[in-house]
Every structure is written in structure tokens, then in C-alpha cells.
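K.L.:
Build me a model from this:
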Amino acid sequence: MKLDRVAFALFALGVAVIVAAMFWSLYAYGEVGRMVASKGLRPNNSFACFVWWAERCNLLAEAHASKGTTAYSPLSFWAGVSMILASFVLQLWPRQPGEGWAPRLQRLLLPVDKVSTIVGQFFAWTILLLTLAVSYEVFSRYVLGAPTDWAFDASYILYGVLFIMAGAYALARNAHVRGDFLYRSWKPRKQAAMDLVLYFLFFFPGIIAFIYSGYGFAAQSWFSHEHSAYSPAGPPIYHYKTIIPVTGVLLLLQGIVEVVRCLICLRTGGWPRRLHDVEEMEKIILEQRAAREANS
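P.N.:
Residues are numbered from 1 along each chain as shown. Purely as a prediction, here's the structure:
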């Protein structure tokens, strides 16, 4: 149990370090972006400098040195990756002699599920903030006759954050919308085989492209220190756009454990357990019906 806690702490810390490295790299690029853009290091090709010491990334170090600021180092990204890999190794390490792969792989799944759950539940509070912001705007506009200059920006930023940051949480709960009128009637092994094909055919290429293009999109926003043009308040939104590649990282990690789930199901013929907190009533009814049919 103590080893499990250490593994979870390592994984959570590794994710936090990667997220912090992403913010650091984008902030550092925003500080000197105008100095290096004319030399070929544009926002849309700056992702390589986040993960590696590419030759053109020397431009960033030189620009920071001339400006007297601190340059980003990819060591922080690889420190986070190393922590995540160390967590996986600890979870796969046998707890007792002769322990099979099934329980070891099951342990591998839960830390990722827990982090996705923590992130999803934390950002669920934006629903309350969104409700308060919209309610105040309605009251201020129609009762006081003094509409706010910030409620519109606040509402779309809060809703956008909720929508995008809940993606990994929904995937961990198997809650994304799917055309399951055929899928639900299949045997678990057939479901797992189909999921496995679709993950490699569509999910991983899409998520990798999402991270790459999202990072460039965020870098462009930091480059121009973008502010909202949709209200008089014009709040900065480059911090907000940074969550696009962050979400991609969380989805990528969750997708890896979903592939592990598919492999376990193909081997054992049954889906491994998930963490549960809230379930739709329709799903509960279907599970109860399946249990009754299995017992009859």
C-alpha cells in the first residue's frame, strides 16, 4: 500500500512538473518571441524547444541572455516524464513472488484515473462560478440597468475551461458519447478489439496533433500577449489558451491506460474495474438489468 502511494505521488508530481514546464516554456517564449521570430523561430514551430534542445532553440537562450531573463530548459519536461515512468515501473513491480501481469497492470491504471478525476472534479467548480457570473450579469443588466463589461468574457472562458479540462475525466469514466447501439451488444473482447483499433487509428494521431498545434496556438497568444476583443474589459487570454496543450497531455496519458484496459480485456475476457463517483441513471439501470440476466 505504501508503494502504491509513492507511485501515485510520483505520477501526480510528474504531471504537475510537465504542466509547469509548459507554462514556463510559453512564458519564456512570450518574453523574447519578437526577438527570435524574425530569425525563424515562430510560434508555430516552437514546440520542438519545449521537448528538446534543437539547434534553432539556441536563439531563445541567446535572446534571454541579452535581455537578462531566465531561459526555459527542456530538462524540466524530461524530469516530469522520468517521474511518470518511475511511477509506472513501481506499479508494475511485483508485490509478491509469482504475481501475474493482470493485477500489476490494474495498478498501473488507477493513478492516471485518480489524476484525471482530481482535475475533473476541481474544474467542475467552474460551473458554480459560471452560474454566479451569469446570474449577476442578469441582475445587474435588468434590475440595476448597469450591464457589466466582464461577464461575457468570464462566461465563455469558464465554460471553455470546464469543457476542455473535463475531457480526460470523461474518458476515465468511459463517458464520451459513442454510437453504442451495436457496441453494447458485443462481447467484451470484441469491444476491446474495436476500441484498440480506433485508439491507434484516430485517437493518438489526433491527440498528438492536438498537442502540437495547441502549443503553437498558445505560443502565438503569448507572443502577442493576446487580450479578448469581445468586451470593453479586454482581459488577457494567453493564460487561458495554455490549457489547450495541457488538456492534450492529460488526454494522452488517459488514452495510454485505456489501451492497457483493452489489452487486459482481450486477455481476460472482461473489462478491468474503473474508479467510480457519479454515474448516469441509464447506465445504472443497464448494469442492473445485465446483472439480473446473468443471475437468471
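K.L.:
and residue 72, that one's in a strand?
P.N.:
No: when DSSP: H, G, I helix; E, B strand; the rest coil is applied, residue 72 is found to be coil, with no strand at that position.
K.L.:
Mind pulling the model confidence for it?
P.N.:
Residue 72 carries a pLDDT score of 95 in this model.
K.L.:
can you check residue 84 too?
P.N.:
95.
K.L.:
pretty sure it is touching residue 15, no?
P.N.:
Yes: counting by CB atoms under 8 Å, residue 15 is a contact partner of residue 84 at 7.0 Å. From N, CA and C alone the C-beta is placed, and that goes for glycine too.
K.L.:
burial count for the closest residue to residue 56 other than its chain neighbours?
P.N.:
Nearest residue to residue 56, sequence neighbours excluded (CB to CB, 6 or more residues apart in numbering): residue 41, at 5.6 Å. Neighbour count for residue 41, taken as other CB atoms under 10 Å: 23.
K.L.:
Next: the one 4 residues further on.
P.N.:
Other residues within reach of residue 45, judged by other CB under 10 Å, total 13.
K.L.:
what sits against it?
P.N.:
Going by CB atoms under 8 Å, 6 or more residues apart in numbering, residue 45 touches 56, 216.
K.L.:
That one and residue 123, how far apart?
P.N.:
When distances are taken as CB to CB, to the nearest Å, residue 45 and residue 123 turn out to be 30 Å apart.
K.L.:
Kindly report the same for residue 12.
P.N.:
Taken as CB to CB, the span from residue 12 to residue 123 is 16 Å.
K.L.:
just checking, what packs against the longest helix seen in the chain?
P.N.:
Longest helix of the chain, by residue count under DSSP state H: helix 2-37. Under the contact criterion of 3 or more CB pairs under 8 Å, 6 or more residues apart in numbering; DSSP states H and E, helix 2-37 touches helix 47-51, helix 58-67, helix 75-92, helix 101-123, helix 204-224, helix 243-268.
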